[in-house]
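1. requesting a structural model of the entry that follows:
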Amino acid sequence: GKPKDNDGQKKVKKQSSFSKYKEENPDKVPEVEMQFTCNKCETRQSKRFTRKAYEEGVVVVKCNGCGVQHLIADNLGYFQDTTGQKAVNVEDLLSAKGQSVDNRLKP
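-> Prediction:
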C-alpha cells in the first residue's frame, strides 16, 4: 500500500498543474525518450521528458542504478561543461568529446 504519514492517513501524492495538464492532454505535450548507459555504473536505462524541456529548459535525470544525476540539457545556462563553456545539451557535450548521439528528433 501507500506510505502513511504520522497520523496513520495514507499519503496522497500532490500533482502539479502542469503534470495534471500533461496527463489530461498528452497530444499537446510532446515527450521524448532517451536511452543511455550510465558512464559510472553501466546501467542501461530509458528516461522520458518533455521535448520543450529538452529544447528550451533544463533536464537532469537520475540513474536507476547508482543514483548519479546526469545533465541532459541546459538551455538556461545554469551549468558549464568541463571546458568552461556553457553547456547546451547532451549532443553538444558529447560532440565536444568526439562522441555522437543517435538523435531521431532531427530530420
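
2. low pLDDT regions in the chain?
-> In the predicted model of the chain, residues 1-12, 81-87, 103-107 satisfy pLDDT under 70.

3. so which residues of it form strands?
-> Remark: strands of the chain, listed N- to C-terminal, are 31-37, 44-50, 58-62, 69-74; assignment by DSSP state E.

4. any idea which of these is most buried?
-> Neighbour counts (mean count of other Cβ atoms under 10 Å) averaged over each of the strands of the chain peak at strand 69-74, with a mean of 18. C-beta coordinates here come from the backbone N, C-alpha and C atoms, glycine included.

5. that older thread, closest to Gln99 out of the strands of the chain?
-> When the strands of the chain are ranked by proximity to Gln99, the top entry is strand 31-37, at 11.6 Å, counting by Cβ to Cβ.

6. mind putting the strands of the chain in a markdown table, distance to Tyr21 included?
-> Compiled in a markdown table, those are given as follows (distance: least, Cβ to Cβ, whole Å):
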| stretch | distance to Tyr21 |
| --- | --- |
| strand 31-37 | 13 |
| strand 44-50 | 11 |
| strand 58-62 | 19 |
| strand 69-74 | 21 |
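
7. and Val101, which of the ones you listed is closest to it?
-> Nearest to Val101, of the strands of the chain and by Cβ to Cβ, is strand 31-37 at 9.0 Å.

8. quick check: phi and psi on Gly98?
-> Backbone torsions of Gly98, given as degrees, to the nearest 10, read phi 80, psi 20.

9. could you do Asn39 as well?
-> As for Asn39, its main-chain torsions (degrees, to the nearest 10) stand at phi -80, psi 0.

10. what about it, how many neighbours?
-> Counted by other Cβ atoms under 10 Å, the residues lying close to Asn39 total 9.

11. quick one: the closest residue to Lys47 other than its chain neighbours from Ser100, how far?
-> In space, not counting the residues next to it along the chain, Lys47 is nearest to Val61; the distance is 4.5 Å by Cβ to Cβ, 6 or more residues apart in numbering. Here the distance between Val61 and Ser100 works out to 19 Å (Cβ to Cβ, to the nearest Å).
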